[in-house]
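Asks: Here is a sequence with its predicted model. Questions after.
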Amino acid sequence: MVTPEEIGGITLFADLDLAQCEQLSRVAADVTLVPGEYAAHEGAERALFAVLEGRIEPVRHVDGIERVLGERMPGDVFGEVPIALGTVFPVGFRASEPTRVMRIDPADYHAVASVVPEVAQEVGRLAAHRMGGARGLQGIAADPPPPRAIVLGNRWDPACAELRHFLDRNQISYRWLEPTAPDAELSWDGPLPGEADLPAVRIVDGKTVIRPQLRRVAELLGLGTEAEAAEYDAVIVGAGPAGLAAAVYGASEGLRTIVVEREAPGGQAGTSARIENYLGFPSGVSGDELASRALNQARRLGAEILVTRSIARIDAATRQLHLDGGDVLRAKTIILACGVSWRRLEIEGFDRLAGKGVSYGASRSEAPNTHGLDVHIVGAGNSAGQAALFFSTHARSVTIVSRGDRLEKSMSRYLIDQLAARANIHTRLGSTVTAVHGELSLEAIDIDESGTATRVESGGLFIFIGADAQTEWLPPEIARDERGYVLTGAEMRAGADWTLERDPYLLETSVPGIFACGDVRLGPVKRVAAAVGEGSMAIAFVHQFMKEV
């Protein structure tokens with residue numbers, strides 16, 4: 001328990017009388033921290049802290065680089081910025097040695113400040129000081145760390161586009177140089193590789209690699225590509241919203257948890273320009289921001305995340321997973337959260353121009369490339385609407401091409417209203433794209449409307465026509481429907497052999513101990529919130545199953 005005498009020893013509260021110190025001592029939490037433990041994480045809800053013993057260091061992670069911004073010693077307070085501004089913590093506060101702090105909730109702080117206005121005035125002064133100056137938060141924002149990588153490659157080179165997409169999805173800051181840019185050689189700081197050696201990537205303060213494999217890039221950047229153990233309580237296949245939710249809940253509940261992702265965390269949701277209807281984000285949240293937060297949360301709680309790794313096959317009888325490259329993981333339980341893949345358009349020229357102006361889905365980083373251009377989006381779902389809104393802030397015009405006769409059939413009302421409010425967004429209903437044209441990159445497309453084809457210039461074509469389950473690699477013991485979606489619970493019991501006396505759990509597949517959640521599971525709801533809920537629910541069933549064996 002924090003004593004009144006200890007509270008009186010804190011500079012901020014030095015002028016409080018004994019009764020006021022006793023009042024605070026009754027509501028202040030006494031928190032003991034071991035080295036490396038956080039009193040408050042970046043993004044945590046506001047509270048005011050004071051250091052009683054030990055040492056606290058403010059820490060901020062920018063592009064995966066940890067920056068220590070100072071220190072707080074006994075008698076110092078922290079949390080004055082979120083308390084003064086009514087925001088979450090802009091940085092984390094971590095103990096660098098055995099430390100003891102007191103924590104005061106906002107309501108208790110304001111009760112004291114209303115009686116002693118000088119306390120509020122001093123907190124405001126401290127907040128202004130912390131925010132300003134070269135060492136303050138404003139200074140950190142104005143002086144961001146250098147990019148972690150430099151990419152050299154041509155805009156319309158699919159390999160370069162894939163590399164940039166990979167770095168974006170893994171939240172790695174980088175600078176992209178086109179070899180024809182006037183300052184390319186100066187920025188590259190040396191002779192440029194030949195055309196045959198592009199793309200090339202230089203890891204800042206590290207190595208330069210030409211025509212790199214994504215796994216090699218991941219290794220150079222310190223992203224996880226190798227498992228630390230041979231056996232896990234839960235192996236999660238896929239790092240979309242469902243997989244990351246399962247990782248967060250599994251790791252937080254003490255399960256040894258690993259996620260295996262073939263590309264980058266986030267799944268299809270990670271490419272969404274804006275998710276407006278996700279609970280708790282009244283201003284919306286981008287897919288990559290949501291994925292980044294979930295990824296950091298899962299790692300902080302102890303989950304391992306492997307990227308650029310895929311599962312070659314699963315042995316259903318032993319629950320062994322054979323990874324590409326020959327590695328084998330043993331699992332007490334497996335959670336399939338591998339999502340779905342964008343459906344392809346079988347139109348002449350699409351494959352030749354893929355990555356050269358024709359894209360399936362879209363990431364936020366692609367929007368600046370459309371500046372001043374006329375772009376087209378094929379599809380009429382929420383993903384297409386979100387992409388149209390985001391591209392409209394860069395492109396001269398955005399045209400949604402849909403074979404349906406109205407958007408209301410497949411798009412949320414709030415998106416339709418926002419699209420109508422943008423003067424540079426247009427729709428062509430009852431229409432299909434029948435051909436694409438261009439030599440080095442996309443130049444024009446053919447649109448068929450009611451049997452009449454017209455050719456229009458296009459600086460970018462983005463396809464959002466739905467997705468399919470890619471589950472051919474799963475063993476035959478795991479039952480699926482005719483479209484490849486994994487059967488679970490009652491649907492599985494009706495269409496597959498079930499070997500146990502008990503009923504299967506809601507998310508359990510036809511193989512006991514193997515679960516499925518998110519878009520890969522047969523189910524009517526395909527929403528980010530539903531995937532997150534199923535991921536967390538899967539962990540509850542994992543616990544139930546592990547009690548049986």
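Replies: That came through, no problem.
Asks: any idea how far residue 538 is from residue 371?
Replies: Residue 371 sits at a distance of 42 Å from residue 538 (criterion: CB to CB, to the nearest Å). C-betas here are computed from N, CA, C, even on glycine.
Asks: Please say which of those two ends up with more neighbours.
Replies: In this comparison of residue 371 against residue 538, neighbours counted by other CB atoms under 10 Å, the higher total goes to residue 538 at 31 against 12.
Asks: buried stuff in the one helix or strand that one maps to?
Replies: Using DSSP states H and E, residue 538 falls within helix 528-548. Along helix 528-548, the positions that meet the burial threshold by neighbour count (16 or more other CB atoms under 10 Å) are 528, 530-539, 541-543, 545.
Asks: and if you look at stretch 420-428?
Replies: Counting neighbours by 16+ other CB under 10 Å, one finds that the buried residues in stretch 420-428 are 425, 427, 428.
Asks: Which residue, neighbours along the chain excluded, lies closest to the second one?
Replies: Put plainly, it is residue 427. If the residues on either side of it in the chain are set aside, residue 427 comes closest to residue 400, at 4.7 Å by CB to CB, 6 or more residues apart in numbering.
Asks: Ok, the last one next?
Replies: By the measure of CB to CB, 6+ apart, the closest residue to residue 428 outside its immediate chain neighbours is residue 401, 5.1 Å from it.
Asks: residues touching the one you found, list them.
Replies: Contact partners of residue 401, counting by CB atoms under 8 Å, 6 or more residues apart in numbering, are 376, 377, 378, 428, 431, 432, 433, 447.
Asks: residues touching the last one, list them.
Replies: By CB under 8 Å, 6+ apart, residue 447 lies in contact with 401, 428, 431, 432, 433, 434, 453, 454, 455, 456.
Asks: same deal with the second one?
Replies: In this structure, residue 377 makes contact with 384, 387, 388, 391, 398, 399, 400, 401, 461, 462, 464, judged by CB under 8 Å, 6+ apart.
Asks: so what pLDDT did the fourth one get?
Replies: Going back to what we said before, that points to residue 391. At residue 391 the predicted local distance difference test score is 87.
Asks: How much space separates it from residue 425?
Replies: Shown here: residue 391 relative to residue 425, a distance of 9 Å by CB to CB.
Asks: what's the overlap in contacts for these two?
Replies: The contact lists of residue 391 and residue 425 share residue 398, where a contact means CB under 8 Å, 6+ apart.
Asks: My guess is residue 259 contacts residue 244. True?
Replies: Yes. If you go by CB atoms under 8 Å, residue 259 and residue 244 touch, sitting 7.3 Å apart.
Asks: shared neighbours of the two, which are they?
Replies: With contacts defined as CB under 8 Å, 6+ apart, the residues shared by residue 259 and residue 244 are 265, 298.
Asks: that older thread, so which of the buried residues of stretch 420-428 sit within strands?
Replies: Applying DSSP state E to those, the entries found in strands are 425, 427, 428.
Asks: pLDDT below threshold where in the stretch 401-549 of the chain?
Replies: Under the criterion pLDDT under 70, the flagged ranges of the stretch 401-549 of the chain are 495-496, 524.
Asks: residue ranges of the helices in it, please?
Replies: For the stretch 401-549 of the chain, applying DSSP state H, counting those that start in this stretch gives helices covering 413-420, 489-495, 528-548.
Asks: and what of the stretch 151-300 of the chain?
Replies: Counting by DSSP H, counting those that start in this stretch, the segments of the stretch 151-300 of the chain that form helices are 158-169, 184-188, 214-220, 241-252, 287-300.
Asks: Which neighbouring elements make contact with the second one?
Replies: The helices and strands touching helix 184-188, judged by 3 or more CB pairs under 8 Å, 6 or more residues apart in numbering; DSSP states H and E, are strand 149-152, strand 174-177.
Asks: which among the contacts of residue 447 end up buried?
Replies: The buried subset of the contacts of residue 447 - by 16+ other CB under 10 Å - is 401, 428, 431, 432, 433.
Asks: quick one: the second one and residue 449 touch, right?
Replies: So the one you mean is residue 428. Yes. Counting by CB under 8 Å, residue 428 sits close enough to residue 449 to count as a contact (6.2 Å).
Asks: who's residue 374 bridged to?
Replies: When bridges are taken as DSSP bridges, the partners of residue 374 come out as residue 397.
Asks: now the strands: where do they sit in the stretch 251-400 of the chain?
Replies: With DSSP state E, counting those that start in this stretch, the ranges of strands along the stretch 251-400 of the chain come out as 257-260, 304-306, 311-315, 320-323, 328-336, 341-342, 358-360, 374-378, 397-402.
Asks: Go through the ones you listed and name the closest to residue 490.
Replies: Across these, the minimum distance to residue 490, taken as CB to CB, is reached by strand 328-336, at 17.7 Å.
Asks: Give me the angle between that closest one and helix 528-548.
Replies: For strand 328-336 against helix 528-548, the angle between stretch directions is 130 degrees (axes from the mean of the first three to the mean of the last three CA atoms, to 10 degrees).
Asks: measure residue 450 to residue 376 for me?
Replies: With distances taken as CB to CB, residue 450 is found 18 Å from residue 376.
Asks: who's more crowded, these two?
Replies: Under the criterion of other CB under 10 Å, the comparison of residue 450 against residue 376 puts residue 376 first, with 27 against 6.
Asks: Let me know the distance separating the more buried one from residue 3.
Replies: From residue 376 over to residue 3 the distance is 69 Å, taken as CB to CB.
Asks: Next: residue 29.
Replies: With CB to CB as the criterion, residue 29 and residue 3 are 14 Å apart.
Asks: Ok, residue 436 next?
Replies: Between residue 436 and residue 3 the distance is 74 Å, computed by CB to CB.
Asks: what's across from residue 305 in the sheet?
Replies: On the basis of DSSP bridges, residue 305 is bridged to residue 259.
Asks: Next, the contact list for the nearest residue to residue 402 once chain neighbours are set aside, please.
Replies: Nearest residue to residue 402, sequence neighbours excluded (CB to CB, 6+ apart): residue 380, at 3.8 Å. Counting by CB under 8 Å, 6+ apart, residue 380 makes contact with 400, 402, 404, 407, 409, 410, 411.
Asks: Let me know the pLDDT of residue 271.
Replies: The confidence metric pLDDT takes the value 67 at residue 271.
Asks: now, of the helices and strands packed on helix 184-188, which is deepest in the fold?
Replies: Per residue and on average, the most neighbours among the helices and strands packed on helix 184-188 fall to strand 149-152, with a mean of 22 (mean count of other CB atoms under 10 Å).
Asks: Could you report the neighbour count for residue 36?
Replies: 9.
Asks: go on, residue 247?
Replies: 32.
Asks: ok, back up a step: looking at the contacts of residue 447, which is nearest residue 218?
Replies: Of all those, residue 218 sits closest to residue 433, with 34.7 Å by CB to CB.
Asks: any idea how far residue 399 is from the closest one?
Replies: Separation of residue 433 from residue 399 (CB to CB) stands at 10 Å.
Asks: Which residues are in contact with each of these two?
Replies: Applying CB under 8 Å, 6+ apart, one finds that residue 433 and residue 399 are jointly contacted by residue 376.
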